[in-house]
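Novice: no sequence on hand, only this structure:
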(Lines give C-alpha, C1' and ligand atoms only; values in the text may rest on other atoms or scores of the structure.)
Protein backbone atom coordinates (compact mmCIF):
# COMPACT_ATOMS: atom_id res chain seq x y z
CA UNK A 1 0.00 0.00 0.00
CA UNK A 2 1.51 3.39 -0.97
CA UNK A 3 2.17 5.93 1.78
CA UNK A 4 0.00 8.98 2.35
CA UNK A 5 2.71 11.19 0.87
CA UNK A 6 2.90 9.05 -2.26
CA UNK A 7 -0.87 9.09 -2.78
CA UNK A 8 -0.97 12.86 -2.35
CA UNK A 9 1.93 13.35 -4.76
CA UNK A 10 0.20 11.18 -7.38
CA UNK A 11 -3.12 13.03 -7.16
CA UNK A 12 -2.09 16.59 -6.40
CA UNK A 13 0.04 17.67 -9.31
CA UNK A 14 0.89 21.18 -8.15
CA UNK A 15 3.34 21.79 -5.29
CA UNK A 16 1.03 24.21 -3.50
CA UNK A 17 -1.79 21.66 -3.56
CA UNK A 18 0.46 18.98 -2.06
CA UNK A 19 1.81 21.33 0.60
CA UNK A 20 -1.68 22.48 1.63
CA UNK A 21 -3.02 18.93 1.88
CA UNK A 22 -0.05 17.73 3.92
CA UNK A 23 0.33 20.81 6.15
CA UNK A 24 -0.29 19.80 9.76
CA UNK A 25 -1.13 23.26 11.12
CA UNK A 26 -4.73 23.64 12.37
CA UNK A 27 -5.61 26.31 9.81
CA UNK A 28 -4.53 27.16 6.30
CA UNK A 29 -5.73 29.85 3.90
CA UNK A 30 -6.00 28.77 0.26
CA UNK A 31 -6.26 31.70 -2.14
CA UNK A 32 -6.62 30.52 -5.72
CA UNK A 33 -8.68 31.16 -8.83
CA UNK A 34 -11.49 29.01 -10.18
CA UNK A 35 -10.33 25.67 -11.59
CA UNK A 36 -7.06 25.69 -9.68
CA UNK A 37 -7.83 22.55 -7.68
CA UNK A 38 -9.03 23.93 -4.33
CA UNK A 39 -11.75 21.28 -3.99
CA UNK A 40 -9.35 18.45 -4.83
CA UNK A 41 -6.84 19.82 -2.32
CA UNK A 42 -9.52 20.04 0.37
CA UNK A 43 -10.66 16.49 -0.36
CA UNK A 44 -7.17 15.06 0.00
CA UNK A 45 -6.50 17.13 3.11
CA UNK A 46 -9.62 15.61 4.69
CA UNK A 47 -8.62 12.12 3.58
CA UNK A 48 -5.10 12.63 4.97
CA UNK A 49 -6.52 13.66 8.34
CA UNK A 50 -8.74 10.56 8.47
CA UNK A 51 -5.82 8.32 7.47
CA UNK A 52 -3.82 9.78 10.36
CA UNK A 53 -6.49 8.95 12.91
CA UNK A 54 -8.74 12.00 13.09
CA UNK A 55 -12.31 11.09 14.09
CA UNK A 56 -14.56 11.55 11.02
CA UNK A 57 -17.23 13.03 13.31
CA UNK A 58 -14.85 15.93 13.94
CA UNK A 59 -14.63 16.85 10.24
CA UNK A 60 -16.80 19.80 9.23
CA UNK A 61 -16.46 21.35 5.77
CA UNK A 62 -18.65 24.31 4.79
CA UNK A 63 -19.63 25.06 1.21
CA UNK A 64 -21.70 27.88 -0.28
CA UNK A 65 -24.29 25.57 -1.86
CA UNK A 66 -25.59 22.03 -1.48
CA UNK A 67 -24.55 21.37 -5.09
CA UNK A 68 -20.97 22.25 -4.17
CA UNK A 69 -21.24 20.01 -1.11
CA UNK A 70 -22.19 17.01 -3.26
CA UNK A 71 -19.18 17.67 -5.48
CA UNK A 72 -16.85 17.84 -2.46
CA UNK A 73 -18.33 14.61 -1.05
CA UNK A 74 -17.58 12.78 -4.30
CA UNK A 75 -14.01 14.07 -4.27
CA UNK A 76 -13.53 13.10 -0.61
CA UNK A 77 -14.91 9.62 -1.32
CA UNK A 78 -12.42 9.24 -4.19
CA UNK A 79 -9.56 10.46 -1.99
CA UNK A 80 -10.51 8.07 0.82
CA UNK A 81 -10.59 5.19 -1.66
CA UNK A 82 -7.13 6.13 -2.95
CA UNK A 83 -5.82 5.90 0.62
CA UNK A 84 -7.49 2.54 1.22
CA UNK A 85 -10.08 3.93 3.65
CA UNK A 86 -13.72 2.74 3.49
CA UNK A 87 -15.82 5.39 1.82
CA UNK A 88 -18.58 4.77 4.39
CA UNK A 89 -16.73 6.99 6.90
CA UNK A 90 -17.95 9.89 4.76
CA UNK A 91 -21.33 9.52 6.46
CA UNK A 92 -19.85 10.52 9.81
CA UNK A 93 -18.57 13.88 8.49
CA UNK A 94 -20.52 17.05 7.85
CA UNK A 95 -19.98 18.54 4.40
CA UNK A 96 -22.56 21.15 3.45
CA UNK A 97 -23.74 24.71 3.97
CA UNK A 98 -23.35 26.54 7.26
CA UNK A 99 -27.12 27.03 7.33
CA UNK A 100 -27.64 23.29 7.06
CA UNK A 101 -25.12 22.72 9.85
CA UNK A 102 -26.89 25.20 12.10
CA UNK A 103 -30.23 23.54 11.42
CA UNK A 104 -28.74 20.16 12.35
CA UNK A 105 -27.37 21.71 15.52
CA UNK A 106 -30.76 23.17 16.40
CA UNK A 107 -32.37 19.80 15.66
CA UNK A 108 -30.02 18.12 18.12
CA UNK A 109 -31.13 20.57 20.82
CA UNK A 110 -34.84 20.48 19.98
CA UNK A 111 -36.25 17.79 17.66
CA UNK A 112 -39.04 20.05 16.34
CA UNK A 113 -36.49 22.09 14.37
CA UNK A 114 -35.74 19.04 12.21
CA UNK A 115 -39.10 19.67 10.53
CA UNK A 116 -38.35 23.34 9.81
CA UNK A 117 -37.39 24.61 6.39
CA UNK A 118 -34.65 27.24 6.08
CA UNK A 119 -35.26 30.58 4.37
CA UNK A 120 -32.41 32.59 2.91
CA UNK A 121 -32.88 36.28 2.15
CA UNK A 122 -34.53 35.68 -1.24
CA UNK A 123 -36.81 32.96 0.09
CA UNK A 124 -37.81 35.23 2.98
CA UNK A 125 -39.01 37.81 0.45
CA UNK A 126 -40.96 35.12 -1.40
CA UNK A 127 -42.47 34.08 1.93
CA UNK A 128 -43.55 37.68 2.58
CA UNK A 129 -45.19 37.77 -0.85
CA UNK A 130 -47.01 34.49 -0.21
CA UNK A 131 -48.27 35.66 3.23
CA UNK A 132 -48.93 39.27 2.23
CA UNK A 133 -52.58 39.46 3.38
CA UNK A 134 -52.14 37.16 6.42
CA UNK A 135 -49.36 39.37 7.75
CA UNK A 136 -51.41 42.49 7.10
CA UNK A 137 -48.76 43.99 4.85
CA UNK A 138 -51.42 45.80 2.84
CA UNK A 139 -52.00 48.01 5.89
CA UNK A 140 -48.31 48.88 5.81
CA UNK A 141 -48.50 50.55 2.41
CA UNK A 142 -49.47 53.90 3.87
CA UNK A 143 -46.31 55.08 5.61
CA UNK A 144 -45.89 58.56 7.02
CA UNK A 145 -48.72 59.93 4.97
CA UNK A 146 -47.57 58.55 1.64
CA UNK A 147 -48.47 55.45 -0.33
CA UNK A 148 -45.65 53.02 -1.08
CA UNK A 149 -45.61 50.25 -3.69
CA UNK A 150 -46.18 46.54 -3.20
CA UNK A 151 -42.57 45.46 -3.72
CA UNK A 152 -41.29 48.41 -1.70
CA UNK A 153 -43.32 47.05 1.24
CA UNK A 154 -41.67 43.65 0.79
CA UNK A 155 -38.21 45.22 0.67
CA UNK A 156 -38.78 47.44 3.70
CA UNK A 157 -40.18 44.64 5.86
CA UNK A 158 -37.39 42.26 4.82
CA UNK A 159 -34.76 44.91 5.60
CA UNK A 160 -36.41 45.76 8.93
CA UNK A 161 -36.46 42.06 9.89
CA UNK A 162 -32.78 41.74 9.13
CA UNK A 163 -31.88 44.89 11.09
CA UNK A 164 -34.04 43.77 14.02
CA UNK A 165 -32.07 40.57 14.37
CA UNK A 166 -28.63 41.74 13.26
CA UNK A 167 -28.76 44.49 15.90
CA UNK A 168 -30.49 42.20 18.44
CA UNK A 169 -33.29 44.71 19.00
CA UNK A 170 -36.33 44.04 21.15
CA UNK A 171 -39.63 43.97 19.28
CA UNK A 172 -41.26 45.70 22.25
CA UNK A 173 -38.96 48.66 21.69
CA UNK A 174 -39.91 48.74 18.02
CA UNK A 175 -43.59 48.64 18.99
CA UNK A 176 -43.13 51.70 21.20
CA UNK A 177 -41.48 53.75 18.46
CA UNK A 178 -43.32 52.38 15.40
CA UNK A 179 -46.41 50.30 16.30
CA UNK A 180 -47.23 49.44 12.68
CA UNK A 181 -43.75 48.07 11.97
CA UNK A 182 -43.53 46.34 15.35
CA UNK A 183 -46.84 44.55 14.78
CA UNK A 184 -45.70 43.37 11.34
CA UNK A 185 -42.40 42.04 12.69
CA UNK A 186 -44.08 40.30 15.63
CA UNK A 187 -46.61 38.78 13.25
CA UNK A 188 -43.80 37.63 10.97
CA UNK A 189 -41.97 35.94 13.84
CA UNK A 190 -45.12 34.17 14.99
CA UNK A 191 -46.08 33.13 11.46
CA UNK A 192 -42.64 31.72 10.63
CA UNK A 193 -42.80 29.57 13.74
CA UNK A 194 -46.36 28.46 12.96
CA UNK A 195 -45.48 27.55 9.37
CA UNK A 196 -42.28 25.77 10.47
CA UNK A 197 -39.81 28.04 8.76
CA UNK A 198 -36.60 29.39 10.19
CA UNK A 199 -34.22 31.95 8.87
CA UNK A 200 -30.82 32.69 10.32
CA UNK A 201 -31.50 36.37 10.77
CA UNK A 202 -33.71 35.51 13.73
CA UNK A 203 -31.85 35.63 17.04
CA UNK A 204 -34.84 34.69 19.16
CA UNK A 205 -34.01 31.26 20.69
CA UNK A 206 -37.71 30.36 20.85
CA UNK A 207 -38.28 31.38 17.20
CA UNK A 208 -41.63 32.53 18.36
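Specialist: Cool, the structure landed. Remember, predicted model here, so these are calculated numbers, not experimental data.
Novice: which strand or helix spans the closest residue to residue 90 other than its chain neighbours?
Specialist: Distances taken as CB to CB, 6 or more residues apart in numbering place residue 77 nearest to residue 90, at 5.5 Å, with adjacent residues excluded. All C-beta atoms are positioned from the backbone trio N, CA, C, and that covers glycine. Remark: residue 77 resides in helix 66-82, with elements defined by DSSP states H and E.
Novice: after that helix comes which helix or strand?
Specialist: strand 94-96.
Novice: quick check: mean pLDDT of stretch 36-44?
Specialist: Stretch 36-44 carries an average pLDDT of 90.
Novice: pull out the buried positions in the helix holding residue 77.
Specialist: Of all the residues in helix 66-82, those buried under the rule 16 or more other CB atoms under 10 Å are 69, 72-73, 75-77, 79-80, 82.
Novice: tell me the one of those residues nearest residue 37?
Specialist: For residue 37, the nearest member of the buried residues of helix 66-82 is residue 75. The distance, counting by CB to CB, is 10.2 Å.
Novice: kindly report the domain assignment for the chain.
Specialist: 4-96, 117-199 (automatic domain parsing).
Novice: could you dump these into a markdown table with distance to residue 108 added?
Specialist: Converted to a markdown table, the domains of the chain look like this (distance: least, CB to CB, whole Å):
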| stretch | distance to residue 108 |
| --- | --- |
| domain 4-96 | 12 |
| domain 117-199 | 14 |
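Novice: so which of these comes closest to residue 105?
Specialist: It's domain 4-96; of the domains of the chain, that one is closest to residue 105 (CB to CB) at 9.8 Å.
Novice: span of that closest one from start to end?
Specialist: 26 Å (CA to CA, to the nearest Å).
Novice: run the chain-centre distance for it.
Specialist: Relative to the chain's own centre, domain 4-96 is displaced by 20 Å; criterion: CA atoms, centre = their mean, to the nearest Å.
Novice: mind listing the strands for this structure?
Specialist: Counting by DSSP state E, one finds strands in the chain at the ranges 60-62, 94-96, 117-119, 142-143, 146-147, 197-199.
Novice: how about the third one: buried residues?
Specialist: Yep, that's strand 117-119 we're talking about. Judged by neighbour count using 16+ other CB under 10 Å, the buried positions of strand 117-119 are 118-119.
Novice: helices or strands up against that strand?
Specialist: Secondary structure elements in contact with strand 117-119, counted by 3 or more CB pairs under 8 Å, 6 or more residues apart in numbering; DSSP states H and E, are helix 98-109, strand 197-199.
Novice: and among those, the most buried is which?
Specialist: Greatest average neighbour count among the helices and strands packed on strand 117-119 goes to strand 197-199 (a mean of 19), per mean count of other CB atoms under 10 Å.
Novice: what mean pLDDT does it have?
Specialist: Averaged across strand 197-199, the pLDDT comes to 84.
Novice: what does stretch 119-138 give?
Specialist: Looking at stretch 119-138 alone, the average pLDDT works out to 91.
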